[in-house]
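J.: For reference, the sequence and a predicted model appear below.
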Amino acid sequence: MEISLKTLPDEEYVAPGRGGCPGCPAVLGCRMASKVLGRNTIQVTSTGCMCVNYGYYGAPRYPFVHSLFENAGAVISGIDASLKAQGKRDGVNLFGYCGDGGTVDIGLQALSGAAERGHRFLYICYDNEGYMNTGSQRSGATPPGARTSTTPVSKLSPGERRPFRRKKDMVRIMAAHGIPYAASASLAYPLDYLRKVKKAIEIDGPTYIHLQSPCLTGWGIPESQGVAVARLAVQTCVFPVYEVYDGNVFKITVKPREKKPIEEYLKVQGRFRHLFTDGWPEEIAKFQAEVDENWRVLNALEQMANGGENA
């Protein structure tokens, strides 16, 4: 069945009574995915915001496993192998829902191993670009110029610095494993996200979705603006939305009609305010150049997948 707002079930699988921040996009992302996955689901979530959000308070209405920070991929592997050994694997949607700290950093080895072994699962990284559950420390997903508690701002430093600590490109890292499907997604484009969840969970093998999840407190944005900021990330191409099949076939699924300058994305977030107030125009220019180059490369990769049309 084609995914649309009309075909989504009314039943809620993410229970009320959470302990998280009002308006948290990470909860919205899990709620939306669970509408596609349904009740016959097993979820694995590593230590992080989502465990506080509902792992201890209002657990989801299907089996939920709280893994250690570093081993969600290994736990997922074990569940997949166990179900197959018991002849119970068919019809069970197994997915991980973990933050960027537990994905791009601490849990990368376990996730890489699970993908390399070919286990069947969907892994969604809700990327809030830092260790937000423990006070907003930087992670491998923190973008350049961002203020965090471990990349403080001073007259000599604009926060997260280049060139050695750029945001890891997890979609292409996972695609490099040759897995059947890897994608990025945005809460600002829900149908694109939900269709990717459906596509991924139906594949007999490892699949990965990287979901940008603005942190309201860590990013310094109002409770009501999480989705609006996520939309700006796509419209400025700071966070491109695309998918990769079999490691090398690229398709951009959301193309802005008019690519906006990254200032429109940066200026609405407290973590970037110093770039404007303290006089760091060169950092903004460097960030813009990186975004432009990444967008150019993605379009070139898509054109290659289409046989070089318009290259």
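T.: Okay, I see it.
J.: Now do whichever strand or helix holds Leu28: distance to the chain's middle.
T.: Taking DSSP states H and E as the criterion, the element that holds Leu28 is helix 25-37. Mean C-alpha position of helix 25-37 versus that of the full chain (C-alpha atoms, centre = their mean, to the nearest Å) differs by 12 Å.
J.: ditto for stretch 96-110
T.: Relative to its chain's centre, stretch 96-110 lies at 11 Å (C-alpha atoms, centre = their mean).
J.: average pLDDT across it?
T.: Averaged across stretch 96-110, the pLDDT comes to 97.
J.: for stretch 117-131, same thing?
T.: Rounded mean pLDDT across stretch 117-131 is 98.
J.: do the same with stretch 166-174
T.: pLDDT averaged over stretch 166-174 gives 94.
J.: returning to that earlier point: show me what secondary structure element comes after the helix holding Leu28.
T.: Per DSSP H and E, helix 25-37 leads on to strand 41-46 as the next helix or strand towards the C-terminus.
J.: Just checking: what are the partner strands of that next one?
T.: strand 64-67 (parallel), strand 93-99 (parallel) (DSSP bridges).
J.: re the thing from before, quick one: contacts of the helix holding Leu28?
T.: 3, 8-9, 12-14, 18, 20, 41, 49-50, 53-54, 60, 62, 93, 95, 97, 99, 124, 126, 128, 187, 190, 193-194, 197-198, 201, 211, 213-216, 226-227, 230 (C-beta atoms under 8 Å, 6 or more residues apart in numbering). Placement of C-beta: from N, CA and C, glycine included.
J.: Tell me which residues touch Ile203, please.
T.: Ile203 touches Arg120, Pro180, Tyr181, counting by C-beta under 8 Å, 6+ apart.
J.: re the thing from before, report the buried members of the contacts of helix 25-37.
T.: Among the contacts of helix 25-37, those classed as buried by 16 or more other C-beta atoms under 10 Å are 3, 13-14, 18, 20, 41, 49-50, 53-54, 60, 62, 93, 95, 97, 99, 124, 126, 128, 187, 190, 193-194, 197-198, 201, 211, 213-216, 226-227, 230.
J.: pLDDT below threshold where in the stretch 151-300 of the chain?
T.: For the stretch 151-300 of the chain, applying pLDDT under 70 flags the ranges 162-165.
J.: related to what we said a few turns ago, so which bits of the helix holding Leu28 are buried?
T.: Per 16+ other C-beta under 10 Å, helix 25-37 contains these buried residues: Pro25, Ala26, Val27, Leu28, Gly29, Cys30, Met32, Ala33, Ser34, Lys35, Val36, Leu37.
J.: just the strands in the stretch 51-200 of the chain please.
T.: Taking DSSP state E, counting those that start in this stretch, the strands of the stretch 51-200 of the chain run over residues 64-67, 93-99, 121-127, 181-186.
J.: Need the three-state assignment for the residue nearest the centre of the chain.
T.: Compute the mean C-alpha point of the chain, and by C-alpha atoms, centre = their mean the closest residue is Leu211, 2.5 Å away. Put simply, Leu211 is strand when judged by DSSP: H, G, I helix; E, B strand; the rest coil.
J.: check contacts around it.
T.: Leu211 makes contact with Gly29, Ile124, Cys125, Tyr126, Asp127, Ser184, Ala185, Ser186, Leu187, Tyr193, according to C-beta under 8 Å, 6+ apart.
J.: So which of these is the closest to Lys155?
T.: Asp127 (30.0 Å; C-beta to C-beta).
J.: and stretch 205-215, how far out from the chain's middle?
T.: 3 Å.
J.: Closest to Gly247 out of the contacts of Leu211?
T.: Ser184 (15.2 Å).
J.: Quickly list what the closest residue to the closest one other than its chain neighbours is bridged to.
T.: Computed as C-beta to C-beta, 6 or more residues apart in numbering, the closest residue to Ser184 that is not its neighbour in sequence is His210, at 4.6 Å. Counting by DSSP bridges, His210 forms beta bridges with Cys125, Ser184.
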